[in-house]
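In: With the input below, show me the fold.
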Amino acid sequence: QVQLVESGGGLVQAGGSLRLSCAASGRTFSSYAMGWFRQAPGKEREFVAAIRWSGGSTYYADSVKGRFAISRDNAKNTVYLRMNSLKPEDTAVYYCAALMTRDNRLGNAAAYDYWGQGTQVTVSS
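Out: Model (predicted):
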C-alpha cells in the first residue's frame, strides 16, 4: 500500500504562485513515477505533470508548460509542484498519484495505482 498526502493548496490571485507537496509513505521504494492531475467542477480529471523517481525525467501538459515545475526529493519521498503565473483556469482540485510499475502512459490517469485526497487550488481574477 502507498499513502499519498497533498498539501499547499489555497487561494491566490492571478499571476501568483503556489507550491504543492505530496508526501508518500508505504511501498514508495518500488514506485516508478509520480503524477499530478487536476479536476475542475464539471470537468474530467486531466493530466498536469509527471516525474520518474529514477532519473527524474519530467513531463507536462501543454497548458502548464513553462509555468509549472514538478520535482522530487527522493530522501523525503516527496514530490512537489511549483505553480507560477497562475490563471483562473488553473482553479481545480489537484491530486497526486503513484504509478507503481513501468508504464509509458504517464499522462493517463487510468495507469496510476494510488491517489491522494486532493488539495483545492483557487485562482481569483
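In: How much space separates residue 35 from residue 109?
Out: Residue 35 sits 8 Å away from residue 109, taking CB to CB, to the nearest Å as the criterion. For the C-beta atoms, the positions are set from N, CA and C on the backbone; glycine is no exception.
In: Local confidence estimate at the residue nearest in space to the middle of the chain?
Out: Closest residue to the average C-alpha location of the chain: residue 36 at 2.0 Å, with CA atoms, centre = their mean. Note on residue 36: pLDDT of 98.
In: swap in residue 54?
Out: Looking at residue 54, its pLDDT reads 85.
In: What's the local residue count around it?
Out: Using other CB atoms under 10 Å, residue 54 is surrounded by 8 other residues.
In: quick one: it is in a helix?
Out: No. Under DSSP: H, G, I helix; E, B strand; the rest coil, residue 54 falls outside any helix and is assigned coil.
In: ok now do the nearest residue to residue 52 once chain neighbours are set aside, which residues does it touch?
Out: Leaving out its chain neighbours, the residue that sits closest to residue 52 by CB to CB, 6 or more residues apart in numbering is residue 33, at 4.7 Å. Contact analysis of residue 33 by CB atoms under 8 Å, 6 or more residues apart in numbering lists 50-53, 98-99, 103, 106.
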